[in-house]
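**Q** here is my input; please provide its structure:
(2 chains)
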Amino acid sequence: MEGDGVVVFIDSSVLISCGRRESTRFQALAREARQRDTVFRISPQVYAEVTSDPALDTYISDTAVDEALQEGWMKVTGSPAYSESDVSTVMDQARNFIASSSNRAEDVVEKADTEIVGLALEMLLDGATDRVIVVTNDIPLGEASESLIPKYGFDDEQIMWLTGGELADEIAEDFVPEFD
Amino acid sequence: MATREANWDTPLDTGGEAFELLGNSRKAWIYTYVYHHPSTTIQNIVETLDLPQRTVYEYVEDLEAPGFIEQSNDGRPAEYTAREIDLQLVEGDAERQITPELVEAIARRIRDDDIDTYIDRHGLDGLAVALEYAREYVDGSVTHQIMAREQDISPLEAGVILDALRPVVED
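**A** Model (predicted):
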């Protein structure tokens, strides 16, 4: 079933946004997965962030991510293969890229923040797919994916970055229509 | 005998009123609504924001006195239009700006539980700092993880408040 479809990675910034209000945004995400006939992937780091964060009970109390996993339209991948040198290198480069776009010292970005970029490249290198979409609202992370992965011999079309709102309109909708 | 009328539209007078605005989310809500919808009538505000007419009259008057909003027509019913607020606060090394965006962020706590919780946990000062990060976030020069590390909050909390404040700074 897998192998020729587009692989879609969803980042924590988008899952957090989806979990903020009722379940309309998660429903939009589920609908997108269905329409694309795909299973959205999240990295172990992203899963940890949205299910075991200390602030979880204070803000997002629902368990939409676990439900999505049970319903089968989302799954947690393994960690990136750090032993593959290209994978490890692209993550270091992404770290560097994010630090430089945010005009910060590199130690404020952790390698784990860039798991999605490593996993995206790994998928393409392994031939598991020939197209990957990274969905994140963290602009430097999205830009890092699009700018670094083609350097490993892939075409620009093989790696695409979308924001949550570009994936599904509902994810960018404002809850406060009075201020439109 | 003509006496010179007090001018309440001076920095110290408006400053006091601005602080009052920050502490009263319903007043902030009305200012923000007028800010987004020039030439608004009281009836408009009452109907859209679903606030008691008496409160709206009272708050509109409070907002008009220091010049945060002003009547923008001659006839009746009166129509109101908001003016920019731009006050700089300096305390030691900390500089904070009171702007329509900050007022809107506060107003949103009425509708957005996450902003309400964030203010309860980090105060208005924390909200003002988060608003600066939100500006950087939509400009693409910061990630939610970076904000979390620099402000010593969890990544989820940073992600939540950036998402909540995005509509305030996106225009």
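**Q** A:F9: which element?
**A** Secondary structure assignment for A:F9, by DSSP states H and E: strand A:7-10.
**Q** show me where pLDDT drops low in the chain?
**A** This is for chain A. A:1-4, A:22, A:61-62 (pLDDT under 70).
**Q** not what I meant, chain B
**A** B:1-9, B:11, B:171.
**Q** now the strands: where do they sit in it?
**A** Along chain B, the stretches classed as strands by DSSP state E are B:40-41, B:69-71, B:79-82, B:87-91, B:94-98.
**Q** wait, which of those is closest to A:S147?
**A** Closest to A:S147 of the strands of chain B is strand B:94-98 (Cβ to Cβ; 33.6 Å). Where you see a C-beta, it was placed from the backbone N, CA and C, and this is true even at glycine.
**Q** list the buried ones in that closest one?
**A** B:R96, B:I98 (16 or more other Cβ atoms under 10 Å in any protein chain shown).
**Q** that strand pairs with which strands, and in what direction?
**A** The strands beside strand B:94-98 in its sheet (DSSP bridges) come out as strand B:87-91 (antiparallel).
**Q** can you give the distance of the strand it pairs with from its chain's centre?
**A** With Cα atoms, centre = their mean, to the nearest Å as the basis, strand B:87-91 stands 16 Å off its chain's centre.
**Q** which other residues reach it?
**A** Applying Cβ atoms under 8 Å, 6 or more residues apart in numbering or on different chains, the contact partners of strand B:87-91 are B:P11, B:T14, B:G15, B:A18, B:E95, B:R96, B:Q97, B:I98.
**Q** count the neighbours of B:I161 for me.
**A** Residues lying near B:I161 (other Cβ atoms under 10 Å in any protein chain shown) number 32.
**Q** which residues touch the residue of chain A found nearest chain B?
**A** For chain A and chain B, the shortest gap (Cβ to the nearest Cβ) falls at A:I139, measuring 3.2 Å. Residues near A:I139 by Cβ under 8 Å, 6+ apart: A:S101, A:T163, B:Y137, B:D139, B:G140, B:S141, B:T143.
**Q** A:G5 now?
**A** Taking Cβ under 8 Å, 6+ apart, we find A:G5 in contact with A:R36, A:D37, A:T38, A:T129.
**Q** B:Y57 too?
**A** B:I42.
**Q** quick check: it vs chain A, distance?
**A** As defined by Cβ to the nearest Cβ, to the nearest Å, B:Y57 lies at a distance of 19 Å from chain A.
**Q** rewinding a little: out of the contacts of strand B:87-91, who's nearest chain A?
**A** B:I98 (18.1 Å).
**Q** give me every residue that touches that closest one.
**A** Going by Cβ under 8 Å, 6+ apart, B:I98 touches B:A18, B:L22, B:I85, B:D86, B:L87, B:Q88, B:L89.
**Q** could you rerun that using 7 Å?
**A** Residues in contact with B:I98, defined by Cβ atoms under 7 Å, 6 or more residues apart in numbering or on different chains, are B:A18, B:L22, B:I85, B:L87, B:L89.
**Q** tell me which two in those residues are the farthest apart.
**A** Top of the distance list for the contacts of B:I98 (Cβ to Cβ): B:I85 and B:L89, 12.2 Å.
**Q** and for the closest residue to A:F179 other than its chain neighbours, the neighbour number?
**A** Nearest non-adjacent residue to A:F179, counting by Cβ to Cβ, 6 or more residues apart in numbering or on different chains: B:H36, 5.1 Å away. Using other Cβ under 10 Å, B:H36 is surrounded by 14 other residues.
**Q** B:L49 versus B:H36, what's the distance?
**A** 12 Å (Cβ to Cβ, to the nearest Å).
**Q** sort out which of the contacts of A:I139 are buried, if you could.
**A** Buried members of these, counted by 16+ other Cβ under 10 Å: A:S101, A:T163, B:Y137, B:S141, B:T143.
**Q** helices of chain A, residue ranges please.
**A** Here chain A has its helices, by DSSP state H, at A:12-19, A:24-35, A:44-51, A:64-71, A:85-101, A:115-125, A:139-148, A:164-167.
**Q** pipe the buried ones among the contacts of A:I139 into a markdown table and attach distance to A:T51 per row.
**A** A markdown table is the format used below for the buried ones among the contacts of A:I139 (distance: Cβ to Cβ, whole Å):
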| residue | distance to A:T51 |
| --- | --- |
| A:S101 | 28 |
| A:T163 | 22 |
| B:Y137 | 23 |
| B:S141 | 29 |
| B:T143 | 20 |
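**Q** between those, which sits nearest A:K75?
**A** A:T163 (21.7 Å).
**Q** contact partners for the nearest residue to the closest one once chain neighbours are set aside?
**A** Nearest in space to A:T163, with sequence neighbours left out and distances taken as Cβ to Cβ, 6+ apart, is A:N137 at 5.3 Å. Counting by Cβ under 7 Å, 6+ apart, A:N137 touches A:S13, A:V14, A:S17, A:T163, A:G164.
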